[in-house]
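Peer 1: pasted the sequence and its predicted model underneath.
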Amino acid sequence: SQKIEQNSEALNIQEGKTATLTCNYTNYSPAYLQWYRQDPGRGPVFLLLIRENEKEKRKERLKVTFDTTLKQSLFHITASQPADSATYLCAFPWRFGAGTRLTVKP
Amino acid sequence: GAVVSQHPSWVICKSGTSVKIECRSLDFQATTMFWYRQFPKQSLMLMATSNEGSKATYEQGVEKDKFLINHASLTLSTLTVTSAHPEDSSFYICSARVSGREPKKDSYNEQFFGPGTRLTVL
(Lines give C-alpha, C1' and ligand atoms only; values in the text may rest on other atoms or scores of the structure.)
Protein backbone atom coordinates (compact mmCIF):
# COMPACT_ATOMS: atom_id res chain seq x y z
CA SER A 1 0.00 0.00 0.00
CA GLN A 2 1.03 3.59 -0.49
CA LYS A 3 2.85 5.06 2.46
CA ILE A 4 4.01 8.54 3.26
CA GLU A 5 6.30 8.86 6.25
CA GLN A 6 7.76 11.77 8.12
CA ASN A 7 10.67 10.42 10.05
CA SER A 8 10.74 12.77 12.99
CA GLU A 9 7.76 13.18 15.24
CA ALA A 10 9.34 16.26 16.80
CA LEU A 11 12.23 18.58 16.05
CA ASN A 12 13.62 21.23 18.39
CA ILE A 13 15.99 23.88 17.12
CA GLN A 14 17.40 27.22 18.18
CA GLU A 15 16.12 30.46 16.69
CA GLY A 16 18.10 31.50 13.64
CA LYS A 17 19.10 27.97 12.66
CA THR A 18 17.81 26.06 9.64
CA ALA A 19 15.16 23.43 10.26
CA THR A 20 15.16 20.43 7.93
CA LEU A 21 12.20 18.08 7.82
CA THR A 22 12.12 14.80 5.90
CA CYS A 23 9.30 13.10 4.04
CA ASN A 24 9.66 9.65 2.47
CA TYR A 25 7.14 7.72 0.43
CA THR A 26 6.80 4.16 -0.82
CA ASN A 27 4.73 2.29 -3.39
CA TYR A 28 3.80 5.46 -5.20
CA SER A 29 5.12 7.83 -7.83
CA PRO A 30 3.37 11.11 -7.16
CA ALA A 31 3.25 13.74 -9.84
CA TYR A 32 3.70 16.31 -7.08
CA LEU A 33 4.08 16.63 -3.36
CA GLN A 34 2.78 19.34 -1.04
CA TRP A 35 3.81 20.76 2.31
CA TYR A 36 1.36 22.20 4.83
CA ARG A 37 1.57 23.89 8.20
CA GLN A 38 -0.89 23.02 10.96
CA ASP A 39 -1.29 24.87 14.23
CA PRO A 40 -3.00 23.14 17.19
CA GLY A 41 -6.76 22.84 16.83
CA ARG A 42 -6.78 24.31 13.33
CA GLY A 43 -6.90 23.09 9.78
CA PRO A 44 -3.70 22.85 7.70
CA VAL A 45 -2.49 25.76 5.61
CA PHE A 46 -0.89 25.15 2.23
CA LEU A 47 2.75 26.22 1.93
CA LEU A 48 4.41 24.80 -1.17
CA LEU A 49 3.91 22.34 -3.98
CA ILE A 50 6.78 20.70 -5.86
CA ARG A 51 6.32 18.66 -9.02
CA GLU A 52 8.18 15.50 -9.98
CA ASN A 53 10.19 17.32 -12.64
CA GLU A 54 11.31 20.03 -10.20
CA LYS A 55 14.37 19.51 -8.04
CA GLU A 56 13.85 22.48 -5.78
CA LYS A 57 11.35 25.20 -5.03
CA ARG A 58 11.67 28.25 -2.81
CA LYS A 59 9.26 30.66 -1.17
CA GLU A 60 10.74 33.32 1.09
CA ARG A 61 12.51 31.40 3.91
CA LEU A 62 11.13 28.06 2.78
CA LYS A 63 12.80 25.59 0.45
CA VAL A 64 11.56 22.21 -0.72
CA THR A 65 13.48 19.55 -2.62
CA PHE A 66 12.09 16.48 -4.34
CA ASP A 67 14.23 13.44 -5.16
CA THR A 68 12.16 10.90 -7.08
CA THR A 69 15.03 8.40 -7.05
CA LEU A 70 15.28 8.41 -3.27
CA LYS A 71 11.49 8.90 -3.01
CA GLN A 72 12.12 11.72 -0.61
CA SER A 73 11.28 15.37 -0.10
CA LEU A 74 13.14 17.71 2.23
CA PHE A 75 11.56 20.85 3.68
CA HIS A 76 13.86 23.59 4.96
CA ILE A 77 13.07 26.70 6.99
CA THR A 78 16.03 29.06 7.10
CA ALA A 79 16.59 31.71 9.78
CA SER A 80 13.92 30.02 11.86
CA GLN A 81 11.78 32.03 14.28
CA PRO A 82 9.65 31.01 17.27
CA ALA A 83 6.60 31.86 15.14
CA ASP A 84 7.58 28.99 12.84
CA SER A 85 6.74 26.53 15.64
CA ALA A 86 3.96 24.29 14.33
CA THR A 87 3.37 20.86 12.86
CA TYR A 88 4.44 20.49 9.25
CA LEU A 89 2.77 17.93 7.05
CA CYS A 90 3.79 16.54 3.71
CA ALA A 91 1.11 15.23 1.40
CA PHE A 92 0.49 13.80 -1.99
CA PRO A 93 -3.02 13.77 -3.33
CA TRP A 94 -4.87 13.53 -1.00
CA ARG A 95 -3.00 11.72 1.72
CA PHE A 96 -0.96 13.20 4.52
CA GLY A 97 2.07 12.14 6.48
CA ALA A 98 1.87 12.06 10.27
CA GLY A 99 3.64 15.40 10.53
CA THR A 100 6.69 16.74 12.31
CA ARG A 101 6.14 19.05 15.25
CA LEU A 102 8.74 21.82 15.02
CA THR A 103 9.64 23.91 18.06
CA VAL A 104 11.91 26.91 17.57
CA LYS A 105 13.36 28.12 20.85
CA PRO A 106 14.34 31.77 21.34
CA GLY B 1 -9.60 34.93 -0.47
CA ALA B 2 -10.34 31.17 -0.57
CA VAL B 3 -11.90 30.88 2.86
CA VAL B 4 -13.57 27.69 4.04
CA SER B 5 -15.83 27.66 7.07
CA GLN B 6 -17.14 24.79 9.14
CA HIS B 7 -20.12 24.71 11.43
CA PRO B 8 -20.27 23.91 14.23
CA SER B 9 -16.73 24.37 15.50
CA TRP B 10 -17.41 21.93 18.30
CA VAL B 11 -20.27 19.66 19.30
CA ILE B 12 -21.02 17.33 22.18
CA CYS B 13 -23.70 14.72 21.69
CA LYS B 14 -25.05 11.61 23.29
CA SER B 15 -24.27 8.16 21.97
CA GLY B 16 -26.78 7.06 19.35
CA THR B 17 -27.63 10.51 18.04
CA SER B 18 -26.74 11.94 14.64
CA VAL B 19 -24.60 15.01 14.06
CA LYS B 20 -24.39 17.13 10.92
CA ILE B 21 -21.29 19.15 10.08
CA GLU B 22 -21.38 21.80 7.37
CA CYS B 23 -18.47 22.86 5.19
CA ARG B 24 -18.82 26.01 3.12
CA SER B 25 -16.53 27.74 0.65
CA LEU B 26 -17.25 31.40 1.34
CA ASP B 27 -15.72 33.21 -1.59
CA PHE B 28 -15.16 30.60 -4.26
CA GLN B 29 -16.83 27.66 -5.91
CA ALA B 30 -15.59 24.20 -5.07
CA THR B 31 -16.38 21.33 -7.37
CA THR B 32 -14.50 18.99 -5.08
CA MET B 33 -14.49 18.90 -1.30
CA PHE B 34 -12.69 16.48 0.98
CA TRP B 35 -13.50 15.22 4.44
CA TYR B 36 -10.75 14.22 6.86
CA ARG B 37 -10.66 12.89 10.39
CA GLN B 38 -7.80 13.54 12.77
CA PHE B 39 -7.25 11.80 16.09
CA PRO B 40 -5.00 13.40 18.72
CA LYS B 41 -1.35 13.53 17.71
CA GLN B 42 -2.10 11.74 14.46
CA SER B 43 -2.26 12.96 10.91
CA LEU B 44 -5.29 13.67 8.81
CA MET B 45 -6.97 10.59 7.43
CA LEU B 46 -8.95 11.08 4.25
CA MET B 47 -12.48 9.79 4.71
CA ALA B 48 -14.11 10.69 1.44
CA THR B 49 -14.02 12.90 -1.61
CA SER B 50 -17.20 14.60 -2.63
CA ASN B 51 -18.01 16.11 -5.98
CA GLU B 52 -20.89 18.47 -6.44
CA GLY B 53 -23.97 16.74 -7.73
CA SER B 54 -22.67 13.18 -7.45
CA LYS B 55 -22.13 10.51 -4.83
CA ALA B 56 -19.10 10.75 -2.59
CA THR B 57 -16.16 8.41 -3.01
CA TYR B 58 -15.26 6.82 0.30
CA GLU B 59 -11.85 5.58 1.35
CA GLN B 60 -11.38 1.95 2.23
CA GLY B 61 -12.62 1.20 5.73
CA VAL B 62 -14.95 4.20 5.97
CA GLU B 63 -18.59 3.20 6.34
CA LYS B 64 -20.66 5.15 3.85
CA ASP B 65 -23.88 4.42 5.72
CA LYS B 66 -22.45 5.83 8.90
CA PHE B 67 -20.79 8.91 7.44
CA LEU B 68 -23.29 10.43 5.04
CA ILE B 69 -21.88 13.06 2.72
CA ASN B 70 -23.96 15.43 0.63
CA HIS B 71 -22.44 17.96 -1.76
CA ALA B 72 -25.57 19.79 -2.75
CA SER B 73 -24.03 22.90 -4.25
CA LEU B 74 -20.70 24.33 -5.37
CA THR B 75 -20.27 25.99 -1.98
CA LEU B 76 -21.66 23.49 0.52
CA SER B 77 -20.88 19.95 1.58
CA THR B 78 -22.26 18.27 4.68
CA LEU B 79 -21.06 15.30 6.69
CA THR B 80 -23.59 13.55 8.90
CA VAL B 81 -22.29 11.13 11.51
CA THR B 82 -25.21 8.79 12.10
CA SER B 83 -25.75 6.91 15.34
CA ALA B 84 -22.59 8.38 16.78
CA HIS B 85 -20.57 6.41 19.31
CA PRO B 86 -17.70 7.47 21.58
CA GLU B 87 -15.14 6.02 19.14
CA ASP B 88 -16.38 8.54 16.56
CA SER B 89 -15.09 11.36 18.76
CA SER B 90 -12.48 13.15 16.69
CA PHE B 91 -11.54 16.33 14.89
CA TYR B 92 -13.28 16.47 11.52
CA ILE B 93 -11.81 18.77 8.88
CA CYS B 94 -13.05 19.58 5.42
CA SER B 95 -11.12 21.05 2.54
CA ALA B 96 -12.01 22.36 -0.87
CA ARG B 97 -10.36 22.82 -4.23
CA VAL B 98 -11.11 25.95 -6.21
CA SER B 99 -13.06 25.23 -9.38
CA GLY B 100 -11.83 26.48 -12.70
CA ARG B 101 -8.13 26.88 -11.99
CA GLU B 102 -5.62 26.08 -14.69
CA PRO B 103 -4.42 22.47 -14.30
CA LYS B 104 -0.80 23.29 -15.07
CA LYS B 105 -0.47 25.77 -12.24
CA ASP B 106 0.45 24.82 -8.65
CA SER B 107 -2.71 26.43 -7.40
CA TYR B 108 -4.83 23.86 -9.25
CA ASN B 109 -4.10 21.27 -6.58
CA GLU B 110 -4.17 23.57 -3.62
CA GLN B 111 -6.62 22.59 -0.91
CA PHE B 112 -8.11 25.17 1.41
CA PHE B 113 -8.98 23.75 4.77
CA GLY B 114 -11.75 24.64 7.14
CA PRO B 115 -11.00 25.30 10.82
CA GLY B 116 -12.27 21.85 11.83
CA THR B 117 -15.08 20.54 14.02
CA ARG B 118 -14.36 18.87 17.33
CA LEU B 119 -16.91 16.10 17.93
CA THR B 120 -17.25 14.54 21.36
CA VAL B 121 -19.67 11.67 21.78
CA LEU B 122 -20.60 10.85 25.37
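Peer 2: All right, it came through fine.
Peer 1: can you pull out the low-pLDDT segments for chain A?
Peer 2: Scanning chain A for pLDDT under 70 picks out no residues.
Peer 1: same question, chain B
Peer 2: Under the criterion pLDDT under 70, the flagged ranges of chain B are B:1, B:102-107.
Peer 1: pull the contacting residues for the residue of chain B found nearest chain A.
Peer 2: Among all residues of chain B, B:Phe113 sits closest to chain A, at 3.2 Å; criterion: C-beta to the nearest C-beta. For every residue, glycine as well, the C-beta is placed using N, CA and C. Contact analysis of B:Phe113 by C-beta atoms under 8 Å, 6 or more residues apart in numbering or on different chains lists A:43-45, B:4, B:93-95.
Peer 1: identify the residue spatially nearest to it, adjacent ones excluded.
Peer 2: A:Gly43 (3.2 Å; C-beta to C-beta, 6 or more residues apart in numbering or on different chains).
Peer 1: can I assume B:Tyr108 sits in a helix?
Peer 2: Yes - counting by DSSP: H, G, I helix; E, B strand; the rest coil, B:Tyr108 is part of a helix.
Peer 1: on that earlier part again, separation between the residue of chain B closest to chain A and B:Leu44?
Peer 2: Distance, B:Phe113 to B:Leu44, by C-beta to C-beta, to the nearest Å: 9 Å.
Peer 1: common neighbours of the two, please.
Peer 2: A:44, B:93.
Peer 1: where do the helices sit along chain B?
Peer 2: Along chain B, counting by DSSP state H, no stretch forms helices.
Peer 1: can you pull out the strands in it?
Peer 2: B:4-7, B:10-13, B:19-25, B:32-38, B:44-51, B:57-58, B:67-73, B:76-81, B:90-97, B:111-113, B:117-121 (DSSP state E).
Peer 1: among these, which comes closest to A:Arg58?
Peer 2: A:Arg58 lies closest, by C-beta to C-beta, to one member of the strands of chain B: strand B:111-113, at 21.3 Å.
Peer 1: ok, so of the contacts of B:Phe113, who is nearest A:Gln72?
Peer 2: Nearest to A:Gln72 among the contacts of B:Phe113, with distances taken as C-beta to C-beta, is A:Pro44, at 20.7 Å.
Peer 1: surely that closest one is in contact with A:Tyr36?
Peer 2: Yes - A:Pro44 lies in contact with A:Tyr36 (C-beta atoms under 8 Å); the separation is 3.8 Å.
Peer 1: next to chain A, which bits of chain B? Give me the list.
Peer 2: Applying C-beta under 8 Å from any C-beta of the partner chain, one finds that chain B approaches chain A through B:4, B:34, B:36, B:42-46, B:49, B:91, B:93, B:95, B:106, B:109-116, B:118.
Peer 1: weed out the non-buried ones from those residues.
Peer 2: B:4, B:34, B:36, B:43-46, B:49, B:91, B:93, B:95, B:106, B:109-114, B:116 (16 or more other C-beta atoms under 10 Å in any protein chain shown).
Peer 1: next, the contact list for the residue of chain A found nearest chain B, please.
Peer 2: Proximity to chain B, evaluated over chain A using C-beta to the nearest C-beta, is greatest for A:Gly43 at 3.2 Å. Residues near A:Gly43 by C-beta under 8 Å, 6+ apart: B:4, B:93, B:95, B:113-116.
Peer 1: just the element for it, please.
Peer 2: Using DSSP states H and E, A:Gly43 maps to neither a helix nor a strand.
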